[in-house]
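K.L.:
Below is the sequence, then the predicted model.
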Amino acid sequence: MDYLDLGPYSRAQGTVNLPGSKSISNRVLLLAALAEGETKISNLLDSDDTRVMLAALEKLGVKLTRDADADVCVVQGTRGAFQAKTADLFLGNAGTAIRPLTAALAVNGGDYRVHGVPRMHERPIGDLVDGLRQIGARIDYEANEGYPPLRIRAGAIAVEEPIRVRGDVSSQFLTALLMTLPLVRSKSGEIVVEVEGELISKPYIEITIKLMARFGVTVAREGWQRFTVPAGMRYQSPGTIMVEGDASSASYFLAAGAIGGGPVRVAGVGRDSIQGDVAFADALTAMGANVTIAQDWIEVRGVGHDHGQLEAVDMDFNLIPDAAMTIAVCALFARGTTVLRNIGSWRVKETDRIAAMAKELRKVGATIEEGADFLVVTPPARLTPNAQIDTYDDHRMAMCFSLVSLGGVPVRINDPKCVGKTFPEYFDRFKSLVRA
C-alpha cells in the first residue's frame with residue numbers, strides 16, 4: 001500500500017492493549033541469548049526490529065522457539081559466548097539491535113560483518129567503536145569512518161583502566177557497553193565506564209540497568225557520569241520474563257484521547273513501568289489534558305472531559321525524545337506556541353526528525369522554527385485539509401501524523417507500511433478508536 005487516507009475524524013474513545021516494548025524486547029532477547037539457562041519471554045514485540053534481532057541471534061547459533069501467535073519466545077542461553085564464529089548480519093534500521101550486538105560480537109572472538117539499510121549506514125556508531133577499541137576490540141569501517149557497515153574480528157580484549165564514551169549522541173552506546181562488559185574479565189573484578197559530556201535519554205539507561213539486574217548482574221552508578229560493572233560474570237536466566245507494553249507507542253493513543261475527547265485507555269503500561277516514556281502523560285497533563293495513571297494502565301480525556309483546546313508548552317524533552325514527536329503534533333491543537341527543547345538526538349534517528357517534522361507540519365498549516373536541537377510550533381487557525389504526509393521510512397512520523405485526522409480534516413499518510421518497524425497493526429488499532 002503506497003498511501004493511507006485517514007479522516008476526517010472528530011472523536012476518539014476506547015481501549016488499546018499495547019504491543020511489547022521494542023527497547024525492552026531487543027534488550028531481553030540479547031540478555032537471554034547471553035545468559036545461562038532457558039528464558040521464556042512473553043509479550044515479545046513482533047516487528048521489523050525484533051525480527052532482525054531474532055534472525056541475527058539464530059545465525060550466531062542461538063536456539064530459539066517462537067510462537068508468534070502467543071507473542072512468546074523461548075531462548076536457550078549460550079552461557080556468554082555465541083557458537084558461530086563467523087557471520088554476516090543484516091540488522092535493518094534497528095539501533096536497538098546493531099549497537100548492543102556490535103559490542104557483544106567484539107568480545108566474542110570471531111569474524112563478523114554487521115550492516116543494515118542505507119539509513120543505518122548514516123547513523124553514527126563511532127563513539128561505541130572508540131569505546132570498544134579502548135579494551136582491544138578490532139573493528140573496522142567498511143565505508144565511512146564512524147558509521148556502519150562494520151567488520152568485527154577477534155581481538156586481545158583487556159581492561160586496564162576506565163572506558164570513556166560520549167553520552168550526547170545516543171544512549172545506546174552506553175547501553176551496549178554496559179550489557180557486554182560483564183562478559184569481560186578484569187584483574188580488579190570490576191570495570192568502570194565514564195561518560196563524557198551530558199548523557200541523553202537517561203531513562204533508556206535505567207531500562208538497561210533494571211533488565212541486567214533481572215538477569216543477575218547489578219550495575220552501580222555515580223550520578224550519570226560513572227558506571228561500575230562486575231567483570232567476568234555470567235548472566236543467569238530469570239526463567240520467565242514479560243515484556244511491558246510499549247510506552248512510546250502508547251503516546252499516539254493517549255494523544256488521541258486528549259485531542260479527540262476520549263476517554264482512551266492504554267493497557268500494558270502504567271505507574272510501575274520501567275520505561276521513561278510514560279512521562280509523556282505528564283506532558284499531556286501540562287497541556288491541560290485529564291490523565292489518570294494506574295499500576296498498569298493510563299487513561300486520557302480531553303480538556304474538560306470533552307473537546308477543548310490544549311495549552312501550549314515550553315519543555316525540555318531530552319528524557320523522552322521519541323514520545324516528544326507526538327507532542328509536536330499535539331501542538332497543532334494547542335492555544336499558543338509550543339517549544340520542544342533539547343531534542344538534538346532527533347537528527348540521528350531513523351531520519352533527521354527535526355527537519356522532517358518541520359517540513360510535514362508546515363504542510364498542515366503550522367508556522368515552524370527549527371534549530372540544531374529545538375522545534376517551535378505555532379498552530380494555524382485552521383488545519384490545511386488533504387495534506388500528503390511523507391514519512392521518510394520512519395515509523396514514528398507515520399504514527400504521529402495520523403493524529404492530524406482528529407482535527408476534522410482528511411490526511412494522507414504516504415508509505416504507511418513503515419510502521420512495521422515497531423507496530424505493524426498501528427493503523428488498525430487507531431481506526432478502531434476514532435469516528436467522525
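P.N.:
Thanks, I have it. Numbers count the residues shown, from 1 in each chain.
K.L.:
domain assignment for the chain?
P.N.:
Domain assignment for the chain by the TED database gives 3-19+245-435, 22-242.
K.L.:
which other helices and strands contact the helix or strand containing Ala87?
P.N.:
Assigning secondary structure by DSSP states H and E places Ala87 in strand 86-90. Helices and strands touching strand 86-90, by 3 or more Cβ pairs under 8 Å, 6 or more residues apart in numbering; DSSP states H and E, are helix 48-59, strand 111-115. C-betas here are computed from N, CA, C, even on glycine.
K.L.:
Can you add mean neighbour count and mean pLDDT and give the domains of the chain back as a markdown table?
P.N.:
As requested, the domains of the chain are exported to a markdown table (neighbours: other Cβ atoms under 10 Å; pLDDT from 0 to 100):
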| stretch | mean neighbour count | mean pLDDT |
| --- | --- | --- |
| domain 3-19+245-435 | 21 | 96 |
| domain 22-242 | 19 | 97 |
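K.L.:
quick one, helices of the stretch 51-200 of the chain?
P.N.:
Ranges of helices in the stretch 51-200 of the chain, per DSSP state H, counting those that start in this stretch, are 95-106, 126-133, 171-180.
K.L.:
Contacts for the shortest one next, please.
P.N.:
To tie it back to what came earlier, the one meant is helix 126-133. Residues from elsewhere that reach helix 126-133 (Cβ atoms under 8 Å, 6 or more residues apart in numbering): 99, 102-103, 106, 137, 139, 141, 145-147, 150, 163-166, 169-170, 172-173, 176-177, 193.
K.L.:
ok, 7 Å please
P.N.:
With contacts defined as Cβ atoms under 7 Å, 6 or more residues apart in numbering, helix 126-133 is touched by 99, 102-103, 106, 139, 146, 163-166, 169, 173, 176-177.
K.L.:
swap in the longest one?
P.N.:
Contact partners of helix 95-106, identified using Cβ under 7 Å, 6+ apart, comprise 22-23, 26, 30, 34, 49, 52-53, 56, 89, 91, 112, 114, 116, 120, 123, 125, 128, 132, 137, 139, 148, 150, 152, 172-173, 175-177, 179-180.
K.L.:
cool, and the last one?
P.N.:
The set of residues that contact helix 171-180 without belonging to it, under Cβ under 7 Å, 6+ apart, is 30-31, 95-96, 99-100, 102-104, 107, 127-128, 131, 163, 165, 167, 193, 195, 199-201, 204-205, 208, 212, 219, 227, 229.
K.L.:
Would you mind measuring from the residue nearest to Pro410 when sequence neighbours are not counted to Ala97?
P.N.:
Closest residue to Pro410 apart from its sequence neighbours, by Cβ to Cβ, 6 or more residues apart in numbering: Gly7 at 4.7 Å. Per Cβ to Cβ, to the nearest Å, Gly7 is found 34 Å from Ala97.
K.L.:
coming back round to it: reformat the helices and strands packed on strand 86-90 as CSV; add distance to Gly223.
P.N.:
Shown next, in CSV, are these (distance: least, Cβ to Cβ, whole Å):
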stretch, distance to Gly223
helix 48-59, 30
strand 111-115, 32
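K.L.:
Show me the one of those that comes nearest Met242.
P.N.:
Nearest to Met242 among these is helix 48-59; the distance by Cβ to Cβ comes to 15.0 Å.
K.L.:
what sits against Arg11?
P.N.:
By Cβ under 7 Å, 6+ apart, Arg11 lies in contact with 260-261, 434-435.
K.L.:
ok, these vs Ile320, which is closest?
P.N.:
For the contacts of Arg11, the nearest to Ile320 is Gly260 (21.8 Å; Cβ to Cβ).
K.L.:
Kindly provide the distance from the residue lying farthest from the centre of the chain to Glu161.
P.N.:
Centroid-distance maximum for the chain: Lys187 at 35.1 Å, with Cα atoms, centre = their mean. Per Cβ to Cβ, Lys187 is found 11 Å from Glu161.
K.L.:
Thr292 contacts Glu299, correct?
P.N.:
Yes - using Cβ atoms under 7 Å, Thr292 is in contact with Glu299, at 4.6 Å.
K.L.:
anything in contact with each of the two?
P.N.:
Listed contacts common to Thr292 and Glu299 are nil; contacts here mean Cβ under 7 Å, 6+ apart.
K.L.:
I'd like the helices of the stretch 51-200 of the chain as TSV, with distance to Thr378 appended.
P.N.:
What follows is the helices of the stretch 51-200 of the chain, written out as TSV (distance: least, Cβ to Cβ, whole Å):
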stretch	distance to Thr378
helix 95-106	32
helix 126-133	35
helix 171-180	31
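K.L.:
Which among the ones you listed is found nearest to Cys73?
P.N.:
The closest of those to Cys73 is helix 95-106. By Cβ to Cβ, the value is 14.7 Å.
K.L.:
Could you tell me the angle between that closest one and helix 126-133?
P.N.:
Angle, helix 95-106 to helix 126-133, by axes from the mean of the first three to the mean of the last three Cα atoms, to 10 degrees: 20 degrees.
K.L.:
Extract the CA atoms of helix 95-106 and return them as PDB.
P.N.:
C-alpha atoms of helix 95-106 as PDB (Å, rounded to 0.1, in the frame of the first residue of the first chain):
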ATOM      1  CA  GLY A  95      19.600   0.700  16.500                       C
ATOM      2  CA  THR A  96      18.500  -1.400  19.400                       C
ATOM      3  CA  ALA A  97      20.000  -4.400  17.600                       C
ATOM      4  CA  ILE A  98      23.100  -3.200  15.900                       C
ATOM      5  CA  ARG A  99      24.600  -1.200  18.800                       C
ATOM      6  CA  PRO A 100      24.400  -3.900  21.500                       C
ATOM      7  CA  LEU A 101      25.300  -6.700  19.100                       C
ATOM      8  CA  THR A 102      28.400  -4.900  17.900                       C
ATOM      9  CA  ALA A 103      29.600  -4.800  21.500                       C
ATOM     10  CA  ALA A 104      28.800  -8.400  22.200                       C
ATOM     11  CA  LEU A 105      30.500  -9.600  19.000                       C
ATOM     12  CA  ALA A 106      33.600  -7.500  19.700                       C
END
